[in-house]
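[1] Everything below, folded, please.
(chains A and B)
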Amino acid sequence: MNVLFVEDEAKIANFVRAGLKEQGFVVDYCDNGDEGYLRAIDNEYDAIILDIMVPGKDGLSILKQLRREGRNAPVILLTARNELDDRLAGLNLGADDYIAKPFFVEELAARIHAVVRRSGGDRQNLLTVGSIKLDRITREVTCNQRAIELTSREFNLLEYLMRSPGRVFTRTQILEHIWGYDFNPNTNVVDVCIQRIRKKIEPIDETNWIESIRGVGYRFRKPENPS
Amino acid sequence: MKHLRSFRLRIALLSAALAGTTLVGFGAISWFQIYNAKISRLDSELLNQLLRANRPPELGKEPPRPEFLPAGLGTNTKMPFALLVLNAEGKTVYEFNSLSADTEVKNLLVKRLELAPAPPDIPRQRRPVIFGTNQPGQPPPRPTPPQFFTEHTAKETWRIGALKFPNSQVAVAVSLQPVNQEMASIRYIFLVLIPGALLLVAAGAWFVSGGALRPIHELTDVIQRVTVQGLDQRIPTETTDLEFVELIQVFNQMLERLERSFTQASRFSADAAHELKTPLTILQGELERSLQQVEPGSDVQQRLSNLLDEVHRLSTIMRKLLLLSLADAGKMGLYLVDVNMSELLWEMIEDVELLAPQLNLQTDIPDNLRVKGDRDLLMQVLQNLLSNAIKYNFADGWIKIHAHQTQKTLKITVTNSSKDILPSDRDRLFERFYRGDPARTRKVEGIGLGLSLAREIVRAHRGELALDSVTSGQTGFTLTLPSASS
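    Numbers count the residues shown, from 1 in each chain, chains lettered A, B, ... in the order given. Coordinates of the predicted model:
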């Protein structure tokens, strides 16, 4: 997937670019608004990630101009500000999503997928890793063609892990993504939830799809022969 | 004593006391002056009487009857009167007492006559000299003017004078009763007038001081309106008395400083939180990236994961502080949508069952409870209440969740079995960074911002979050929100 990333903070740009590349994105990066705008009109991107406060044309102006010119590439705004007025201004100008700092690259990637999917650019509503198939629309999960009943938390957790097979997630990351940020980090809710999912998969497929990483968290196993 | 703390009452009482002292002093002095004037007039009249009485009675005629006296004294009252005329040998020539019952007075008169100084020597011509008749050439020798005394008998107070003449001795007594009566009536007039005047002065001072205190009341009104959101209040000085202008100016300046420092403080935490976001994002991102690059399960990865958790904790605190500073400034932004609280509650309850399967969970949640609110923030409030209910519970305790919606409000009560909260902790539970005793030992995780933030969020929704009244062995919180329809 081809994305444009406009951000002036070099250190943020570094890990976001690296993180997105690891997730299979092709990232086109620039550090100022004027150049960002020119690139946005010269190329067809699947998604554009704009920091609001960049030198030159700011993020909101770029967005406004793009929308005025009829360019409908999904735009995600990225900013340190998270006040309602900013959120509303961005969304009213036609932004597809809004992500506030600090954020995990993982979440940014998920949001890119979501906006691209909504805009019709991503037909992959079906996630398949090894023997497990997960339908984001119908929220059905099958393992070796047998349906698995998951609660909404279990479904969201499985989807989160399956979206990046092989990637390690800490418990806190999982907590924040699935449960919101107010849960006590020392809670064992993640472990309990993972145990439940495992117990539902094990009778059908003995592969340990969700691996525990000692002292860190979990990751979804990468299949040896990706399907 | 407490009433005397009223400035206005004190002014009134002080004015009355001041006026009272002046009036009483003035009254007392006037009273004595009038009394003295009356007595000296009486004395000179008595002297006249003494001189007249010395005239020897003409044959068959009695000495002048004393009825004229009152006229001479300028009073209409008949003054009781006693007269005693003795000849040179001390034999009674004439005796009169208008109060025949009072016999004591005669003794007084005799006593005074005995004490009276001797008469002057009689000139050679042995002609009797009659006082009061002008005999040219040789004025008769005048006796020493008598002294007058006030004496008391059982019934009366008398003014007595006695004079010895060469041929006779005269003593006269007049009752002071009418004078005393007059003085008493003057005293009564003063007794009525002075308190009346004092009441008038006090009432006047009360009204005048009320008027003078009006600017203070205006000041009080404005101070009452000063809240965190009303620091921009100022009192106009144009219509105020000069004496209060300075006070009001100083007060206005104080408000200005307060407003400035409050805005600064609230902007400071907001700015600080904003500024922290970029380095935190970088830390979080770089740590996360490194975490993926090292050997899975290695020590380095564990350390990185711990660091990532700490960064996460830091950003959670920062996010809460930012929300609190926005709430303080009255600018907590709410992204209002129609929220189905029943669904939200069931979602949370699923977590409670995951987190604490040993707890007995009882729910009473009707379907389709709706409010207009910020879904994320309300979720945070519920999460806070439920995670507290788990944290501060007994190992085999219980949690009850009860929700009830009326036309106007939605009430959600979360109650759990727990140790009793100390009364001193109950009041401070919603304070920032405050953690009750069990939490302070760090056995239970948390930073003590949850409840205060939850309350601010609920207040921003025009609702209220309150600790339920004490019931032994349990703790309950009631969340009240306005219903979507209201």
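[2] For residue B:38, give its distance to residue B:178.
    Distance of residue B:38 to residue B:178, given as CB to CB, to the nearest Å: 9 Å. C-beta here means a position set from N, CA and C on the backbone, and glycine is covered the same way.
[3] Please save the CA atoms from stretch B:420-433 in PDB.
    Extracted in PDB, the C-alpha atoms of stretch B:420-433 (Å, rounded to 0.1, in the frame of the first residue of the first chain):
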ATOM      1  CA  ASP B 420     -15.200   0.600  55.300                       C
ATOM      2  CA  ILE B 421     -13.600   3.800  54.000                       C
ATOM      3  CA  LEU B 422     -12.300   5.900  56.800                       C
ATOM      4  CA  PRO B 423     -14.400   9.100  57.300                       C
ATOM      5  CA  SER B 424     -11.300  11.200  56.800                       C
ATOM      6  CA  ASP B 425     -10.700   9.400  53.400                       C
ATOM      7  CA  ARG B 426     -14.300   9.800  52.300                       C
ATOM      8  CA  ASP B 427     -14.000  13.600  51.900                       C
ATOM      9  CA  ARG B 428     -10.700  13.300  50.100                       C
ATOM     10  CA  LEU B 429     -11.500  10.500  47.700                       C
ATOM     11  CA  PHE B 430     -12.000  12.800  44.700                       C
ATOM     12  CA  GLU B 431      -8.900  14.800  45.400                       C
ATOM     13  CA  ARG B 432      -6.200  14.700  42.700                       C
ATOM     14  CA  PHE B 433      -3.300  12.300  43.400                       C
END
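[4] got the buried residues for it?
    Neighbour-count burial for stretch B:420-433, counted by 16 or more other CB atoms under 10 Å in any protein chain shown, picks out B:421, B:425, B:429, B:430.
[5] out of those, who's nearest chain A?
    Nearest to chain A out of the buried residues of stretch B:420-433 is residue B:430 (CB to the nearest CB; 16.2 Å).
[6] Tell me if residue B:462 really is in a strand.
    No. Looking at residue B:462 with DSSP: H, G, I helix; E, B strand; the rest coil, it is coil, so not inside a strand.
[7] dump the residue contacts of it.
    Residue B:462 makes contacts with B:481, B:482, as judged by CB atoms under 8 Å, 6 or more residues apart in numbering or on different chains.
[8] Could you pull up phi and psi at it?
    With angles defined as degrees, to the nearest 10, residue B:462 sits at phi 60, psi 30.
[9] Also residue B:148?
    According to degrees, to the nearest 10, residue B:148 has phi -110, psi 140.
[10] neighbours of it, just the number please.
    Using other CB atoms under 10 Å in any protein chain shown, residue B:148 has 21 other residues around it.
[11] That one and residue B:46 touch, don't they?
    Yes. Judged on CB atoms under 8 Å, residue B:148 makes contact with residue B:46 at a distance of 6.2 Å.
[12] Mutual contacts of the two, please.
    Contact with both residue B:148 and residue B:46 is made by residues B:159, B:161, according to CB under 8 Å, 6+ apart.
[13] got a list of contacts for whichever strand or helix holds residue B:345?
    Assessed by DSSP states H and E, residue B:345 sits inside helix B:341-355. Residues from elsewhere that reach helix B:341-355, judged by CB under 8 Å, 6+ apart: A:151-153, A:179, A:183, A:187-189, A:192-193, A:196, B:359, B:361, B:363, B:365-371, B:375, B:378-379, B:382-383, B:386-387, B:389-390, B:399, B:401, B:403, B:410, B:412, B:481.
[14] Those, buried ones only, as a ChimeraX selection?
    Only the buried entries of the contacts of helix B:341-355 go into this ChimeraX selection, using 16+ other CB under 10 Å:
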select /A:153,179,183,187,189,193,196 /B:359,365,369,371,375,378,379,382,383,386,387,389,390,399,401,403,410,412,481
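[15] Who are the packing partners of the helix or strand following the helix holding residue B:345?
    Once the chain leaves helix B:341-355, the next helix or strand it forms, by DSSP H and E, is strand B:360-364. If contacts are counted by 3 or more CB pairs under 8 Å, 6 or more residues apart in numbering or on different chains; DSSP states H and E, strand B:360-364 sits against helix B:341-355, strand B:398-405.
[16] now do 6 Å
    Helices and strands touching strand B:360-364, by 3 or more CB pairs under 6 Å, 6 or more residues apart in numbering or on different chains; DSSP states H and E, are strand B:398-405.
[17] For whatever helix or strand comes next after the strand it packs on, buried residues please.
    Next helix or strand after strand B:398-405 toward the C-terminus (DSSP H and E): strand B:409-417. For strand B:409-417, burial by neighbour count (16+ other CB under 10 Å) applies to B:410, B:411, B:412, B:413, B:414, B:415, B:416, B:417.
[18] and what of stretch B:277-297?
    So for stretch B:277-297, counting by 16+ other CB under 10 Å, buried means B:277, B:279-292, B:294.
[19] what's the answer for stretch B:312-319, then?
    By 16+ other CB under 10 Å, the buried positions in stretch B:312-319 come out as B:312, B:314, B:315, B:316, B:318, B:319.
[20] ok, now which ones touch residue 162?
    Defaulting to chain A. By CB atoms under 6 Å, 6 or more residues apart in numbering or on different chains, the residues touching residue A:162 are A:127, A:129, A:134, A:220.
[21] was after chain B, sorry
    Neighbour list for residue B:162: B:112, B:113, B:116, B:146, B:171 [criterion: CB under 6 Å, 6+ apart].
[22] That one bridge partners, please.
    Going by DSSP bridges, residue B:162 is paired in beta bridges with residue B:171.
[23] now it: how far from residue B:169?
    7 Å.
[24] For chain A, just list every one of the helices.
    Taking DSSP state H as the test, the helices found in chain A are A:10-22, A:33-42, A:59-68, A:84-92, A:105-118, A:152-162, A:171-174, A:189-201.
[25] for the second one, packing partners?
    Judged by 3+ CB pairs under 6 Å, 6+ apart, the packing partners of helix A:33-42 are strand A:2-6, helix A:59-68.
[26] what separates the residue nearest to residue A:188 when sequence neighbours are not counted from residue A:173, distance-wise?
    The shortest distance from residue A:188 to any non-neighbouring residue, by CB to CB, 6 or more residues apart in numbering or on different chains, is to residue B:355 (7.5 Å). Note on residue B:355: its distance to residue A:173, by CB to CB, is 18 Å.
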